[in-house]
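Undergrad: okay, structure incoming, though there's no sequence with it:
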């Protein structure tokens, strides 16, 4: 499936949720947070300076998930991108 966002929207492949610490301790489900970083899959025409393949960091509690043909896509607005990893 190919999904092309419009305007200032960005499709992001979010990083997986961390379920254990670096020392191997499992985290309680209540302490798990949604990822705030990921890889850009596609961008709308009005997005400037962000291209597919970029690794980005975005605001917490932003974006929306949609299921399309059994696949989950995650969309955020360009204004919610905090930065691009080099």
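TA: Ah, there it is. Because the structure is predicted, anything quoted here is derived from the model rather than measured.
Undergrad: output the lowest mean pLDDT helix or strand found in this structure.
TA: In the chain, the helix or strand scored least confidently by mean pLDDT, DSSP states H and E is strand 64-68, which has a mean of 90.
Undergrad: show me what it is packed against.
TA: On a contact count with 3 or more Cβ pairs under 8 Å, 6 or more residues apart in numbering; DSSP states H and E, strand 64-68 meets strand 71-77. From N, CA and C alone the C-beta is placed, and that goes for glycine too.
Undergrad: for stretch 56-71, which positions count as buried?
TA: Neighbour-count burial for stretch 56-71, counted by 16 or more other Cβ atoms under 10 Å, picks out 56, 58, 62, 63.
Undergrad: using TSV, lay out these together with distance to residue 12.
TA: Formatted as TSV, those follow (distance: Cβ to Cβ, whole Å):
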residue	distance to residue 12
56	7
58	7
62	10
63	7
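Undergrad: by pLDDT, rank those residues and give me the bottom one.
TA: When the buried residues of stretch 56-71 are compared by pLDDT, residue 62 scores lowest at 89.
Undergrad: sitting in strands, which of the buried residues of stretch 56-71 do you find?
TA: With strands taken from DSSP state E, the overlap with the buried residues of stretch 56-71 comprises 56, 58.
Undergrad: out of the buried residues of stretch 56-71, which is nearest to residue 7?
TA: Distance ranking of those against residue 7, using Cβ to Cβ, places residue 63 first at 14.8 Å.
Undergrad: contacts for stretch 6-18 next, please.
TA: Under the criterion Cβ atoms under 8 Å, 6 or more residues apart in numbering, residues 3, 5, 27, 32-35, 37-47, 50, 56, 58, 63, 73-79, 81 lie in contact with stretch 6-18.
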